[in-house]
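K.L.:
task: produce atomic coordinates for the following.
(one chain, ligands or ions: 1)
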Amino acid sequence: MAERITGLYRAIRLPAVYKGLMSVLGADNAIRRYVSEVLEPAPGITMLDVGCGPANVLAYLPELDYTGIDHNEGHIAFARQRYDGRGRFIVGSADQLEQSGESFDLINVSAILHHLDDDLFKSLKSLLNEGGRITTIDNVWLPGQRAVVKLINNLDSGMNIRTPEGYLSLMSGLGYNIQARIFHDLLRVPYDHFVMVARSNPAPSS
Ligand SMILES: C[S@@+](CC[C@H](N)C(=O)[O-])C[C@H]1O[C@@H](n2cnc3c(N)ncnc32)[C@H](O)[C@@H]1O
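P.N.:
Below is the predicted model of the structure:
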């Protein structure tokens, strides 16, 4: 993990503070667009939300088989209470699920990669169903970026914000077919998001 967790950043780890901050930034509209333009979840599919936080995205999803996992117990307790039976919430990290034999049609990794310095996608590979997708969204460094976006990036608790190439390299060599996209207008404040949609390449036929 590479993140700031002291002082004001400690408060952001509280579910109600995180949710409130997201609301001020206009995250409701951002999530709605992310769901309709990127996640595109078909009703009834199995979905894993890695680092789900308070599971804000679940409010925008159709009926599906949702599992959220996060190592912040407070977020998981908040999500369990908020959604009362709609979905399964686990305290832990995705690599713990590897041994379970479970797999999913859709794996969402939202606002996580810029906090990480580890090998998340290796563990996700075995959790993805054939024909399934992994979706990611994070803030990004871009050439010629607006000064205010750079300032907001510099204040982020996640200390591993990457360039597009940096994010793409996290999946390289793992046999994913990746489509990438940049959004400049998802939030109420100036912000740049980098989105990836990764599919497993089919195994070569013998
Ligand atoms: C910025 S929040 C994003 C929450 C949510 N995905 C969203 O988009 O609103 C990052 C979350 O990822 C969690 N997290 C980071 N790395 C993780 C890991 N390896 N396994 C589980 N949770 C993780 C943190 O506890 C935190 O709740």
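K.L.:
tell me which residues of stretch 95-113 are tucked away?
P.N.:
For stretch 95-113, a neighbour-count test (16 or more other Cβ atoms under 10 Å) marks 95, 97, 104, 105, 106, 107, 108, 109, 110, 111, 112, 113 as buried. Backbone N, C-alpha and C define where each C-beta goes, glycine included.
K.L.:
pretty sure the first one sits against residue 123.
P.N.:
This means residue 95. Yes - judged on Cβ atoms under 8 Å, residue 95 makes contact with residue 123 at a distance of 4.1 Å.
K.L.:
tell me which residues in stretch 158-174 are buried?
P.N.:
Under the neighbour-count criterion of 16+ other Cβ under 10 Å, stretch 158-174 has 158, 160, 161, 162, 164, 166, 167, 168, 170, 171 buried.
K.L.:
which of these has the weakest pLDDT?
P.N.:
In terms of pLDDT, the least confident member of the buried residues of stretch 158-174 is residue 158, at 87.
K.L.:
nearest to the ligand among the buried residues of stretch 158-174?
P.N.:
Closest to the ligand out of these is residue 158 (6.8 Å), distances taken as Cβ to the nearest ligand atom.
K.L.:
thought residue 105 was touching residue 48?
P.N.:
No - Residue 105 is beyond contact range of residue 48, at 9.1 Å (criterion: Cβ under 8 Å).
K.L.:
just the CA coordinates for stretch 157-166, please, in CSV.
P.N.:
Extracted in CSV, the C-alpha atoms of stretch 157-166 (Å, rounded to 0.1, in the frame of the first residue of the first chain):
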residue,chain,number,x,y,z
SER,A,157,-4.2,10.1,0.0
GLY,A,158,-3.1,7.5,-2.7
MET,A,159,0.6,8.0,-3.4
ASN,A,160,0.8,5.9,-6.5
ILE,A,161,-1.1,7.9,-9.1
ARG,A,162,0.3,6.8,-12.5
THR,A,163,0.4,7.9,-16.1
PRO,A,164,-1.7,5.9,-18.6
GLU,A,165,1.3,3.8,-19.5
GLY,A,166,1.9,3.2,-15.8
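K.L.:
how far does that stretch sit from the chain's center?
P.N.:
13 Å (Cα atoms, centre = their mean, to the nearest Å).
K.L.:
find the nearest non-adjacent residue to residue 196, please.
P.N.:
Spatially, and ignoring its direct neighbours in sequence, residue 196 is nearest to residue 136 (4.6 Å; Cβ to Cβ, 6 or more residues apart in numbering).
K.L.:
what does this structure put close to the ligand?
P.N.:
Residues of the chain lying near the ligand by Cβ under 6 Å from any ligand atom: 51-53, 56, 69-72, 75, 93-94, 110-112, 115-116.
K.L.:
do that again at 5 Å, thanks
P.N.:
Contact residues, the chain versus the ligand (Cβ under 5 Å from any ligand atom): 51, 53, 70, 71, 72, 75, 93, 110, 111, 112.
K.L.:
which one of the residues you listed is nearest residue 130?
P.N.:
Nearest to residue 130 among the residues of the chain next to the ligand: residue 110, at 23.0 Å, using Cβ to Cβ.
K.L.:
beta partners of that closest one?
P.N.:
Bridge pairing for residue 110 (DSSP bridges) gives the partners residue 137.
K.L.:
just checking, which of the buried residues of stretch 95-113 belong to strands?
P.N.:
Of the buried residues of stretch 95-113, the ones assigned to strands by DSSP state E are 104, 105, 106, 107, 108, 109, 110.
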